[in-house]
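> Got a predicted structure plus its sequence, pasted below:
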Amino acid sequence: MSQINVAIIGVGNCASSLVQGIHFYSQAKEEDFVPGLMHVNLGGYHISDIKIVAAFDIDKNKVNKDVSEAIYAPPNNTFVFSKVPPMGVKVHRGMTHDGLGKYLSQIITKAPGPAANVIKILKETKTDVVINYLPVGSEMATKWYIDQILAAGCGFINCIPVFIAKEPYWQDRFAERGLPIIGDDIKSQVGATITHRILTRLFADRGVKLERTYQLNFGGNTDFFNMLERERLESKKISKTTSVTSQLDYKMSPDDIHVGPSDYVPWLKDRKFCHIRMEGRTFGDVPLILEMKLEVWDSPNSAGVVIDAIRCCKLALDRGEKGALAGPSAYFMKSPPIQYTDDEARRMVQEFIVKTNNKPKVARSGKNENRSDLTV
């Protein structure tokens, strides 16, 4: 297998954890257990086969710096578990559009000069896969970058809650170009949403009627600071809420479920606290209440998932698969084209990894269905 050339849009905490992780596990043996990865060798690609070849940002603290330096530059504040040596890859000046909101503009100064020629850079670096790590609410910026990505002929992984992979319009555009997409909105290794989903499915499988629930999240990274601007939260709340409710066989009243970020606490840095409460009814119409608290470092919690998504996207490129990838999207993302239970989605990804010359069917957005008849 050849290496996987990857470009990153947005060199924030998530990019920092990803780059650190690729370096940290570059010497892992295939028989090693690596927390957060499905396989050290996934479909013939080792972690070390992933090469960051381009990066884009607008922050003057990061633009024109080597990626290995930019990932530690403020306001990045995630856990440092690996010191990455110089990579010889500089951060290019990206496009702003709506990527810089009211609150982030208080702590980020835009780098001078025009946006780089993204298409040219992606082509010159022979980029295979582009990862979107823009701030929540960056809808216009995301769509602008997608036009560049399609023109350059790259696969795409959409880690933010701007709905691309689940929308037929964008599915068709990627399919027409013969390119794969995995999205939308990354699902962490063990984060708030995956935990809430599993508990919701547990209630359903064990016959508990879930009547009311909330998920409150707060942290100290730029993601939470950015989301103080409530206007940027709409897609995030939709993504997290539907990810949870998709695990039920009935509809809940919108008044009985609340899922979303609640506040920003600077001294927490990249730590995230999650509080979940679930109220239900059991046999005999007897009440049941579950409460839990989860504390994680937010960005490392998703980095391993992205490493697996990168390798699945490259496998699709190798096989000529195009459009939205149903299994990988369902397993790695909160808002895929079609929602499945997590155990079903994991099985689909394992089948996706080992299959060889099957022709793919493009996933289309539609109602939530726990289906096993969709070939990816």
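In hand now; what should we look at?

> the strands in this protein, which residues?
4-9, 41-42, 45-46, 50-57, 91-93, 129-132, 155-158, 180-182, 209-219, 257-264, 271-282, 286-297, 323-324 (DSSP state E).

> Point to the residue nearest the middle of the protein.
In the chain, the residue lying closest to the centroid (C-alpha atoms, centre = their mean) is Ile186, at 2.2 Å.

> OK, contacts around it?
By C-beta atoms under 8 Å, 6 or more residues apart in numbering, the contact list for Ile186 reads Cys14, Cys159, Ile160, Ser302, Val305, Val306, Ala309, Phe332, Met333, Lys334. C-betas here are computed from N, CA, C, even on glycine.

> Now intersect those with the helices, please.
Secondary structure from DSSP state H places Cys14, Ser302, Val305, Val306, Ala309, Phe332 of the contacts of Ile186 in helices.

> Pull the most distant pair out of these.
Cys14 and Phe332 (13.5 Å; C-beta to C-beta).

> Now list whatever residues contact both of the two.
Counting by C-beta under 8 Å, 6+ apart, the common neighbours of Cys14 and Phe332 are Ile186, Val306.

> which residues sit in contact with Gly10?
Contacts of Gly10 by C-beta under 8 Å, 6+ apart are Phe56, Asp57, Gly94, Gly99, Asn132, Tyr133, Leu134, Pro135.

> likewise Ile149?
Val118, Leu122, Val130, Phe156.

> now the contacts of Gly10 in CSV, with neighbour count and distance to Ile181?
Shown next, in CSV, are the contacts of Gly10 (neighbours: other C-beta atoms under 10 Å; distance: C-beta to C-beta, whole Å):
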residue, neighbour count, distance to Ile181
Phe56, 26, 18
Asp57, 29, 22
Gly94, 26, 20
Gly99, 25, 20
Asn132, 23, 10
Tyr133, 26, 15
Leu134, 26, 15
Pro135, 23, 20
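
> looking at the strands of the chain, which one has the lowest mean pLDDT?
Sorting the strands of the chain by mean pLDDT places strand 257-264 lowest, at a mean of 91.

> That strand pairs with which strands?
strand 209-219 (parallel) (DSSP bridges).

> Could you report the neighbour count for Cys344?
Just to correct that, residue 344 is Glu rather than Cys. Neighbourhood size, Glu344 [other C-beta atoms under 10 Å]: 16.

> The helix or strand of the chain with the lowest mean pLDDT to strand 271-282, inter-axis angle?
One helix or strand of the chain scores below all others by mean pLDDT, DSSP states H and E: strand 257-264, with a mean of 91. If you take axes from the mean of the first three to the mean of the last three C-alpha atoms, to 10 degrees, strand 257-264 sits at 160 degrees to strand 271-282.

> List the buried residues of strand 257-264.
By neighbour count on 16 or more other C-beta atoms under 10 Å, the buried set for strand 257-264 is Ile257, Val259, Gly260, Pro261, Ser262, Tyr264.

> One more: stretch 60-76?
Neighbour-count burial for stretch 60-76 [16+ other C-beta under 10 Å]: 60-63, 65-68, 70-73, 76.

> repeat for stretch 281-289
In stretch 281-289, the ones that count as buried by 16+ other C-beta under 10 Å are Leu288.

> One more: stretch 261-280?
Buried residues in stretch 261-280, counted by 16+ other C-beta under 10 Å: 261-262, 264, 268-274, 276, 278-280.

> what's the farthest-apart pair in those residues?
Lys269 and Gly280 (34.8 Å).

> ok now stretch 127-143, how far from the chain's centre?
Relative to the centre of its chain, stretch 127-143 is centred 10 Å away, using C-alpha atoms, centre = their mean, to the nearest Å.

> circling back: output the strands of the chain in TSV, with distance to Ala165 appended to each entry.
TSV is the format used below for these (distance: least, C-beta to C-beta, whole Å):
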stretch	distance to Ala165
strand 4-9	15
strand 41-42	20
strand 45-46	21
strand 50-57	20
strand 91-93	25
strand 129-132	11
strand 155-158	6
strand 180-182	5
strand 209-219	23
strand 257-264	20
strand 271-282	24
strand 286-297	25
strand 323-324	5
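
> Next up, the contacts around the residue of the chain positioned farthest from its centre.
Of all residues in the chain, Gly284 has its C-alpha farthest from the mean position, at 41.1 Å, by C-alpha atoms, centre = their mean. Counting by C-beta under 8 Å, 6+ apart, Gly284 touches no other residue.

> List the residues that contact Ile121.
Ala7, Ala54, His92, Thr127.

> And the residues you listed, which of them are buried?
Ala7, Ala54, His92, Thr127.

> Asp298 contacts Phe218, correct?
No: if you go by C-beta atoms under 8 Å, Asp298 and Phe218 don't touch, sitting 10.8 Å apart.

> what residues are shared contacts of the two?
Contact criterion C-beta under 8 Å, 6+ apart; residues shared by Asp298 and Phe218: Lys272.

> okay, those two: which has more neighbours?
Asp298 (27 against 17).
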